[in-house]
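Peer 1: Quick one: sequence and predicted model below, then my questions.
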Amino acid sequence: MHDIKIVDYKNSYIDSIKDIREEVFIKEQKISRDIEFDGKDDEAIHVLVFFQNIALATGRMLSDGRIGRIAVLKEHRKKQIGTMIIKAFINEALKRDFKKVYLDSQKNALAFYEKLGFEISSEVFVKAGIEHITMQKVLKS
């Protein structure tokens, strides 16, 4: 069973968060370290997913409801871990009385977010050399 934790960007969690994002975004997707580590992590809420006490996935949500930096180590993909992360953020957003959550989805992940109730709210744009589309999920009207 996976253990999902809402954490801050400090203590022992910072290394796990950095290691996962380094592997997925910098090594796999060739995103610049300056873009990936943009200085906003200290202000964000982070999720870490563990299996047998080993961190294998992460993501963050900023104080305005922007979800991002969803990263699952390659060998753990296709196991619904991304879904667990998004649901954890939605639950946290509801606790904090956010009206909506939103994210910039890589174009190839649109169907994943649509299954979770997100709707497209922008045209396609390029960020870090990858096509993205902004999507949102209204939590309260």
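Peer 2: That came through fine.
Peer 1: ranges for the helices of this structure?
Peer 2: For the chain, the helices defined by DSSP state H cover 13-21, 33-36, 81-95, 110-115.
Peer 1: Dump those helices to JSON lines, plus mean neighbour count.
Peer 2: C-beta here means a position set from N, CA and C on the backbone, and glycine is covered the same way. Formatted as JSON lines, these follow (neighbours: other C-beta atoms under 10 Å):
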{"stretch": "helix 13-21", "mean neighbour count": "18"}
{"stretch": "helix 33-36", "mean neighbour count": "12"}
{"stretch": "helix 81-95", "mean neighbour count": "18"}
{"stretch": "helix 110-115", "mean neighbour count": "14"}
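Peer 1: And those helices: which comes nearest residue 66?
Peer 2: helix 81-95 (10.1 Å; C-beta to C-beta).
Peer 1: can you give me the offset of that closest one from its chain's centre?
Peer 2: Distance of helix 81-95 from the chain centroid (C-alpha atoms, centre = their mean, to the nearest Å) equals 10 Å.
Peer 1: avg pLDDT for it?
Peer 2: Averaged over helix 81-95, pLDDT sits at 96.
Peer 1: show me where the chain has strands.
Peer 2: Counting by DSSP state E, the chain has strands at residues 2-7, 45-51, 54-61, 66-72, 100-106, 119-120, 125-127, 130-138.
Peer 1: buried ones in the longest one?
Peer 2: Residues of strand 130-138 classed as buried by neighbour count (16 or more other C-beta atoms under 10 Å): 132-137.
Peer 1: elements contacting it?
Peer 2: strand 100-106, helix 110-115, strand 119-120, strand 125-127 (3 or more C-beta pairs under 8 Å, 6 or more residues apart in numbering; DSSP states H and E).
Peer 1: Relative to residue 63, which of these is closest?
Peer 2: Of all the helices and strands packed on strand 130-138, strand 100-106 comes closest under C-beta to C-beta, at 11.6 Å.
Peer 1: thinking again about what came up before, closest one to residue 19 among the strands of the chain?
Peer 2: Closest approach to residue 19 among those (C-beta to C-beta): strand 54-61, 7.5 Å.
Peer 1: Mind putting the buried residues of strand 130-138 into a markdown table with pLDDT?
Peer 2: Formatted as a markdown table, these follow (pLDDT from 0 to 100):
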| residue | pLDDT |
| --- | --- |
| 132 | 95 |
| 133 | 96 |
| 134 | 97 |
| 135 | 98 |
| 136 | 98 |
| 137 | 98 |
